[in-house]
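A.B. asks: Pasting the sequence and the predicted model now:
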2 protein chains.
Amino acid sequence: MSLKHAVLGLVIERRGYGYDLVQRLQKRLGGGWQLNPSAVYTALDQLEREQLVASVQQPGATVRSQRVVYDATPAGTTVLDAWLRSAGPPLEPIRSDLHLKLVLAGPAHREALLSQLAAREEACAALLAEYEQTSASSSRRLVDAAVVGRLRADLAWIREAVAELRTNGVPVD
Amino acid sequence: MSLKHAVLGLVIERRGYGYDLVQRLQKRLGGGWQLNPSAVYTALDQLEREQLVASVQQPGATVRSQRVVYDATPAGTTVLDAWLRSAGPPLEPIRSDLHLKLVLAGPAHREALLSQLAAREEACAALLAEYEQTSASSSRRLVDAAVVGRLRADLAWIREAVAELRTNGVPVD
């Protein structure tokens, strides 16, 4: 996942300091992404080393109000444009720890798996409800639709898996 | 994603050498996972350092037929069982490079995005057809159902995104 390019894109849209960029990216992507704030700082450091952004120490009345503000460089604009145009991998992997557990578990793990599936079901349903209650900005509408589609598919699957484990136990070859 | 534990689980089921474990895991998880063989070797090294598996050099008639075979240790069996019982994060992130691109792109990137969406659509449809033609072993049936559900949701979304970009262009706030 190229979070680095997303951070670069935000800086190009408007200069900003670290925490500001974290908040803008969080807002832009929505809760399904589970943005890790420290990944944004790592991306900024990497972008600066690659001279795609440049930082300026902004003076403040107190040490606490001093901030490092990031501006895009001309090279940054070129790199973002190339990334947006470049074909990524045709398919992204479909992976989940729950899938690993299901193919490795034995009959003794039935109850543990059922409780993990129940926790996942609850969390998916809560996030789905959040998305369904929010009216997104236009740039987020499509991404939100993708997240909602995934959550609905995952929820349907979780319920199927629960029914299967309850009826037939843990599948073993 | 704890591939390390999945590899450990396979070794516990039956001792094996590296490439054998790659093939068994590939078969167990299915194509949607996009297993990276080198990740299996990395996992084996890590498991051996943690003394969860132990390797034995198996003699062969020629240097080429000598193999390093992995066996589980008692500690490995305990660790696998604890992992299967442990609650992971309630929700896994929903992330895609395409989502990043959609929220960062401008009107000039419309054609590039459409062609990336078309490539994704083709790859998703091909993988879905593969899954729909395969009758899976019982331990894989549930995981396959999860993958098929995701692929169908993604395909529906891709078609929606294509229609949106064609009709209204790239959404910008």
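C.D. replies: Cool, the structure landed.

A.B. asks: Could you look up the SS state of residue A:141?
C.D. replies: Under the three-state scheme (DSSP: H, G, I helix; E, B strand; the rest coil), residue A:141 adopts helix.

A.B. asks: in terms of contact, does it touch residue B:171 like I think?
C.D. replies: Yes - taking CB atoms under 8 Å as the definition, residue A:141 is a contact partner of residue B:171 at 6.3 Å. All C-beta atoms are positioned from the backbone trio N, CA, C, and that covers glycine.

A.B. asks: Tell me which of these two has more neighbours.
C.D. replies: Neighbours per residue (other CB atoms under 10 Å in any protein chain shown) separate residue A:141 from residue B:171, with residue B:171 holding more: 20 against 13.

A.B. asks: Give me the neighbour count for residue A:14.
C.D. replies: Neighbouring residues of residue A:14 were enumerated by other CB under 10 Å; the total is 11.

A.B. asks: That one: what's it in contact with?
C.D. replies: Taking CB atoms under 8 Å, 6 or more residues apart in numbering or on different chains as the contact definition, residue A:14 lies against nothing.

A.B. asks: now it: how far from chain B?
C.D. replies: Applying CB to the nearest CB, to the nearest Å, the value for residue A:14 to chain B is 12 Å.

A.B. asks: need the contact list for the closest residue to residue A:84 other than its chain neighbours.
C.D. replies: In this structure, residue A:84 finds its nearest non-sequential neighbour in residue B:109, 4.8 Å apart by CB to CB, 6 or more residues apart in numbering or on different chains. With contact set as CB under 8 Å, 6+ apart, residue B:109 has these partners: A:81, A:84-85, B:101, B:170.

A.B. asks: So which residue is smack in the middle of chain A?
C.D. replies: residue A:33 (2.3 Å; CA atoms, centre = their mean).

A.B. asks: Outline the domain layout of chain A.
C.D. replies: Structural domains assigned to chain A are A:3-85, A:97-168, following automatic domain parsing.

A.B. asks: can you redo those domains as CSV with mean pLDDT?
C.D. replies: Rendered in CSV, the data for the domains of chain A read as follows (pLDDT from 0 to 100):
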stretch, mean pLDDT
domain A:3-85, 94
domain A:97-168, 94
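
A.B. asks: would you turn those domains into a markdown table with distance to residue B:162?
C.D. replies: A markdown table is the format used below for the domains of chain A (distance: least, CB to CB, whole Å):
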| stretch | distance to residue B:162 |
| --- | --- |
| domain A:3-85 | 17 |
| domain A:97-168 | 10 |
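
A.B. asks: now for those, which one comes closest to residue B:133?
C.D. replies: The closest of those to residue B:133 is domain A:97-168. By CB to CB, the value is 19.9 Å.

A.B. asks: Now do the end-to-end distance for the closest one.
C.D. replies: Distance between the two ends of domain A:97-168: 21 Å, counting by CA to CA, to the nearest Å.

A.B. asks: quick one, helices of chain A?
C.D. replies: Remark: helices assigned in chain A by DSSP state H are A:3-13, A:18-29, A:37-49, A:74-85, A:97-104, A:110-133, A:138-168.

A.B. asks: Tell me which of these lies nearest to residue B:130.
C.D. replies: Distances from residue B:130 to each of these were compared using CB to CB; the minimum, 16.9 Å, belongs to helix A:97-104.

A.B. asks: just checking, what packs against that closest one?
C.D. replies: Counting contacts by 3 or more CB pairs under 8 Å, 6 or more residues apart in numbering or on different chains; DSSP states H and E, the secondary-structure elements packed against helix A:97-104 are helix A:110-133, helix B:3-13, helix B:18-29, helix B:74-85, helix B:138-168.

A.B. asks: what sits up against it?
C.D. replies: Looking at what lies outside helix A:97-104 - CB under 8 Å, 6+ apart - the contacts are A:109, A:113, A:116-117, A:120, A:161, A:170-171, B:1-3, B:5-6, B:9-10, B:28-29, B:33, B:80, B:83-84, B:88, B:92, B:139-140, B:142-143, B:146.

A.B. asks: what do you get for stretch A:140-159?
C.D. replies: So stretch A:140-159 is in contact with A:28-30, A:32, A:117, A:120-121, A:124-125, A:127-128, A:131-132, A:134, A:136, B:94, B:96, B:98-99, B:102-103, B:145-146, B:149-150, B:152-154, B:156-157, B:160-161, B:164, B:171, going by CB under 8 Å, 6+ apart.

A.B. asks: Which positions within that stretch qualify as buried?
C.D. replies: Neighbour counts over stretch A:140-159 (16 or more other CB atoms under 10 Å in any protein chain shown) mark A:140, A:142-151, A:153-155, A:157-158 as buried.

A.B. asks: try stretch A:91-109
C.D. replies: Neighbour-count burial for stretch A:91-109, with 16+ other CB under 10 Å as criterion, is recorded at A:91-92, A:94-105, A:109.

A.B. asks: same question, stretch A:37-56
C.D. replies: A:40, A:43-44, A:47, A:52-53, A:55.

A.B. asks: near chain B, anything from it?
C.D. replies: No - judged by CB under 8 Å from any CB of the partner chain, stretch A:37-56 makes no contact with chain B; its nearest approach is 11.0 Å.
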